[in-house]
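Colleague: Could you work out the structure for the sequence below:
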Amino acid sequence: MALNYIWIAFFLIAFVVALAKLIFLGDMEVFPAMVNSTFDMAKTGFEISLGLTGVLTLWMGIMKIGEDGGIVHVFSRIIGPFFKKLFPELGEEHPAHASIMMNIAANMLNLDNAATPMGLKAMKEMQQTNPNKDIASNAQIMFLVLNTSGLTLLPISIMVYRAQLGAVNPSDIFIPIMLATYFSTLAGLLSVSFYQRINLLDKTILSYLGALTAFIIGIIWYFSTISQDQITTISTLASNIILFSVIVFFILLAVRKRINVYESFIDGAKDGFKIAVKIIPYLVAILVAIGVFRTSGAMDWLVSGIGWGLAQLGVNTDFINALPTALMKPLSGSGARGMMVDAMNTYGADSFVGRVASTVQGATDTTFYILAVYFGSVGIKKTRHALACGLIADFTGIIAAILMAYLFFH
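Modeller: Numbering: from 1, shown residues only. Reported below is the predicted structural model:
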């Protein structure tokens, strides 16, 4: 629903701005340019979607191998003790625990096809013991915010887009995204814990958070002490070693379970092809709206206005042209993806703006969409502090993404 209003707004605002330019500035070219942009962006959207087919097919096949090999269960066992402490009202034997662990693990691995069904199942199971059926329980809010914070270890889709749009090293945003999404998740977790008075000094919670936070701080400290060239070299090398190690690990897990690795890959690859074709109308729709909005001059006015305000505060504004992705992210995942693609298409996949937009895209998830789908699936109408905590996670993730981009790429 949010995307519907955004899509309509893009066209209406573009029309008003173009009309103002025609009347007050005598710009006779603005309307022809807007019409031409609809054709150009429709062609661009189709070409990008078609080009995604090969890379997306490859990675969906790899992820299917990991899924069949039991990687989701491995992650569930690793993070299970920690997450059980975050849902004290469910108790030790609640049936939702398994679904929660599977959903979080699938999200961390970017397995949307497994994450969403598990998430909806977890929400339904928590609803069965929710005493007030139209009011979100504490456990449901914690679960939702952990989803909206977008904790992702393998941002496959973003790397796929970067590869298609000509990035020399599509995975160079891997570590920056990992760091940014950690801060987003931590902010969401802390805000919910504050509202729900969860004891974060519990030994289990403290050990998990303490160890992970120390690791993240260590990474940031190390990269802040070396030159930009060294950062680029080490980050790129580490990212590619980690990603290839993941592929090998997935294959070994599948072999251990005596899975036919080749057939598993083919099954996943078929899904990749279907997804690549399926996103064509969505990508074309949002890119056409963005193209009209940009060509009318409305995008430049918006970005320039925000940039001017930040410049007055002494803030470096090199990132400002990636801001549309950040503004769209809480509202619409496909809209933010379109903004990211537009930024990389306009400025280059390896430009600073293109990398900021990519990092922002991977730093957090779409709060309004997830809230509508997950709570809507069980009939919850009163969301309590879920939206506020989700937006806190979004804001933190976006700021962290911009800062990480400056650390790694500026």
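Colleague: Leaving out the residues flanking it, which one is nearest to the residue nearest to the spatial centre of the chain?
Modeller: For the chain, the residue nearest the mean C-alpha position is Gly362 (3.7 Å; C-alpha atoms, centre = their mean). Excluding its sequence neighbours, the residue lying closest to Gly362 (C-beta to C-beta, 6 or more residues apart in numbering) is Ile177, at 3.7 Å. Just so you know, the C-beta spots here come from the backbone N, C-alpha and C atoms, and that holds for glycine as well.
Colleague: if we can go back for a sec, part of a helix, is the residue nearest to the centre of the chain?
Modeller: Yes: using DSSP: H, G, I helix; E, B strand; the rest coil, the secondary structure at Gly362 is a helix.
Colleague: What separation do you get for it and Tyr161?
Modeller: Computed as C-beta to C-beta, to the nearest Å, the Gly362 to Tyr161 distance reads 11 Å.
Colleague: Repeat that for Leu391.
Modeller: Distance from Leu391 to Tyr161, by C-beta to C-beta: 25 Å.
Colleague: Counting neighbours, go ahead and name the busier of the two.
Modeller: Using other C-beta atoms under 10 Å as the criterion, Leu391 and Tyr161 rank with Tyr161 on top: 25 against 18.
Colleague: Would you check that the more buried one makes contact with Asp342?
Modeller: No: with contact defined as C-beta atoms under 8 Å, Tyr161 does not reach Asp342; the gap is 11.2 Å.
Colleague: which residues are common contacts for these two?
Modeller: Here Tyr161 and Asp342 share no contacting residue, scored by C-beta atoms under 8 Å, 6 or more residues apart in numbering.
Colleague: pretty sure Ala18 is touching Glu29, no?
Modeller: No: the pair Ala18 / Glu29 is not scored as a contact, 10.0 Å apart, by C-beta under 8 Å.
Colleague: What sits closest to Glu92 if chain neighbours are left out?
Modeller: Spatial nearest neighbour of Glu92, excluding adjacent residues (C-beta to C-beta, 6+ apart): Lys84 at 7.2 Å.
Colleague: Look at that neighbour and report its pLDDT.
Modeller: The model reports Lys84 with a pLDDT of 81.
Colleague: Give the burial count for it, as a bare number.
Modeller: With other C-beta under 10 Å as criterion, Lys84 counts 17.
Colleague: Which helix or which strand is home to it?
Modeller: In the assignment (DSSP states H and E), Lys84 maps to helix 71-85.
Colleague: looking just at contacts, which helices and strands does that helix meet?
Modeller: helix 96-108, helix 203-224, helix 228-256 (3 or more C-beta pairs under 8 Å, 6 or more residues apart in numbering; DSSP states H and E).
Colleague: Not counting its own residues, what contacts it?
Modeller: 90, 92, 97-98, 100-102, 104-106, 108-109, 111, 114, 202, 204-205, 208, 249-250, 253.
Colleague: And stretch 230-249, by the same measure?
Modeller: Contacts to stretch 230-249, defined as C-beta under 8 Å, 6+ apart, come from residues 62, 66, 71, 154, 169, 171-172, 174-176, 223, 226, 407-409.
Colleague: hang on, the earlier thing: next one: the residue nearest to the centre of the chain from Ile279, what distance?
Modeller: On the measure of C-beta to C-beta, Gly362 and Ile279 end up 17 Å apart.
Colleague: now the residue nearest to Glu92: how far from Ile259?
Modeller: With distances taken as C-beta to C-beta, Lys84 is found 29 Å from Ile259.
Colleague: Same question for Val360.
Modeller: Counting by C-beta to C-beta - Val360 and Ile259 are separated by 36 Å.
Colleague: do Ile226 as well
Modeller: For Ile226 relative to Ile259 (C-beta to C-beta), the value is 41 Å.
Colleague: Then Pro176?
Modeller: Taking C-beta to C-beta, one finds Pro176 at 33 Å from Ile259.
Colleague: Settle it for me: which of the two has more neighbours?
Modeller: Pro176 (28 against 18).
Colleague: mind listing what the closest residue to that one other than its chain neighbours touches?
Modeller: With C-beta to C-beta, 6+ apart as the criterion, Pro176 has its nearest non-adjacent residue at 4.0 Å, and that residue is Met404. Shown in contact with Met404 (C-beta under 8 Å, 6+ apart): Pro176, Ile177, Leu179, Ala180, Thr359.
Colleague: Contact partners for the nearest residue to Ser99 once chain neighbours are set aside?
Modeller: Spatial nearest neighbour of Ser99, excluding adjacent residues (C-beta to C-beta, 6+ apart): Ala122 at 3.6 Å. By C-beta under 8 Å, 6+ apart, Ala122 lies in contact with Ala96, Ser99, Ile100, Met102, Asn103, Phe143.
Colleague: Could I get those in CSV, plus columns for pLDDT?
Modeller: Listed next are the contacts of Ala122 as CSV, based on pLDDT from 0 to 100:
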residue, pLDDT
Ala96, 84
Ser99, 78
Ile100, 84
Met102, 75
Asn103, 79
Phe143, 92
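Colleague: Save these as a markdown table, and put in neighbour count too.
Modeller: Converted to a markdown table, the contacts of Ala122 look like this (neighbours: other C-beta atoms under 10 Å):
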| residue | neighbour count |
| --- | --- |
| Ala96 | 22 |
| Ser99 | 22 |
| Ile100 | 30 |
| Met102 | 22 |
| Asn103 | 27 |
| Phe143 | 28 |
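Colleague: Can you tell me which of those residues comes closest to Ile135?
Modeller: Phe143 (14.9 Å; C-beta to C-beta).
Colleague: ok, back up a step: that's a strand at the residue nearest to Gly362, yeah?
Modeller: No: counting by three-state DSSP, Ile177 falls outside a strand, being helix.
Colleague: Now do it against Ser184, distance only.
Modeller: 10 Å.
Colleague: between these two, what contacts are shared?
Modeller: Contacts common to Ile177 and Ser184, judged by C-beta under 8 Å, 6+ apart, are Ala363.
Colleague: thinking again about what came up before, among the helices and strands packed on helix 71-85, where is the model least confident on average?
Modeller: Per-stretch mean pLDDT for these is lowest at helix 96-108 (a mean of 79).
Colleague: Show me how far that helix is from its chain's centre.
Modeller: 17 Å (C-alpha atoms, centre = their mean, to the nearest Å).
Colleague: buried residues in the very next helix or strand once past it?
Modeller: Using DSSP H and E, the helix or strand that directly follows helix 96-108 along the chain is helix 112-128. Within helix 112-128, the residues scored as buried using 16 or more other C-beta atoms under 10 Å are Ala114, Ala115, Thr116, Met118, Gly119, Leu120, Lys121, Ala122, Met123, Glu125, Met126, Gln127.
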